[in-house]
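> structure for this input, please:
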Amino acid sequence: MFKIGEFSKLVRVSARMLRHYDKSGLFIPAEVDPFTGYRLYSAKQIPLLMKIVSLRDAGFKVEEMEEVLSFFDDPAYLASALADKRRHVQTQLEAEQAKLNHIASMVDKIKKEMRQMEYVVTLKEIPAIQVLSLREVIANPADEFGQWDKMVAFINANGIDYEMRSHSIYHDGEYKDSEVDVEIAFPVKEKVVDKDGFVFKELERIPLCATISFPLPYTNYNKAMEKVAVWLEEEGYAIAGLIRGVSVDEGTVELQIPVHKK
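This next block holds a predicted model:
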């Protein structure tokens, strides 16, 4: 017989875990000294303990091991139990990988924001501009990409000369995540005949406009609008019309907010 410390060294399982297995009834000592209370283990118990260690390393919890140990020598049962555990572990791995991906995305976003331009609000006048416009009620904001596909297809089909400075105007009086009234437009150099919902028009002049630029992706929109909100309150201006989103280049969007002094 071996005392718990001796047995622990022989089997390379901590005395703490041996006590835990004893308390749970999974692996009890061969004998307990009636006078000292010392746990005593036998070499004959080692095969059972090695099965427990094997199951532990495969991810089985103590409460799961008792049933599996009862059928450990049944190859079909053991294979099925291991397959179930494998699926469980795989699901956990995928969940943890999703967390890692989210963390990496957050870190990347922080790094990009550290390198990005300073958000500065500027007051200026926006002159009137003639555009080819398409205004529709779309199912959700993401459907705006479909509008642009239609716009580009119409321009290409009709050979229209236009400027790559897209405008987006949301006409609803509040933010909506469905049934959204959106107008998109490209500046054009010549008059275009209205057709299929596409309209030649003039976007009116904005006498006083608070502008702020932000780098893509659009997740930076909220940060830019936070800066605008702070600026409006601190400088004593109020929003006086529809906000326009204008692509300055492939990587930058300018928000144009009509304002007036309070």
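> next secondary structure after the helix ranked longest in the chain?
Secondary structure of the chain per DSSP state H: the longest helix is helix 75-115. Helices and strands here follow DSSP states H and E; after helix 75-115, the next one along the chain is strand 122-126.
> what packs against that next one?
Helices and strands touching strand 122-126, by 3 or more C-beta pairs under 8 Å, 6 or more residues apart in numbering; DSSP states H and E, are strand 206-215. Every residue, glycine included, has its C-beta placed from N, CA and C.
> buried sites along the strand it packs on?
206, 208, 209, 210, 211, 212, 213, 214, 215 (16 or more other C-beta atoms under 10 Å).
> go on, stretch 123-140?
Buried residues in stretch 123-140, counted by 16+ other C-beta under 10 Å: 126, 129, 130, 131, 132, 133, 134, 135, 138.
> how about those residues in TSV, adding secondary structure, pLDDT and distance to residue 223?
Formatted as TSV, the entries for the buried residues of stretch 123-140 read as follows, by DSSP: H, G, I helix; E, B strand; the rest coil; pLDDT from 0 to 100; distance: C-beta to C-beta, whole Å:
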residue	secondary structure	pLDDT	distance to residue 223
126	strand	96	22
129	strand	96	27
130	strand	97	32
131	strand	96	28
132	strand	97	31
133	strand	97	29
134	strand	97	29
135	strand	96	28
138	strand	94	25
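> redo these as JSON lines? Include distance to residue 219.
Putting the buried residues of stretch 123-140 into JSON lines (distance: C-beta to C-beta, whole Å) gives the following:
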{"residue": "126", "distance to residue 219": "25"}
{"residue": "129", "distance to residue 219": "28"}
{"residue": "130", "distance to residue 219": "32"}
{"residue": "131", "distance to residue 219": "27"}
{"residue": "132", "distance to residue 219": "29"}
{"residue": "133", "distance to residue 219": "27"}
{"residue": "134", "distance to residue 219": "25"}
{"residue": "135", "distance to residue 219": "26"}
{"residue": "138", "distance to residue 219": "20"}
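> for residue 251, see how far away residue 59 is.
Note on residue 59: its distance to residue 251, by C-beta to C-beta, to the nearest Å, is 46 Å.
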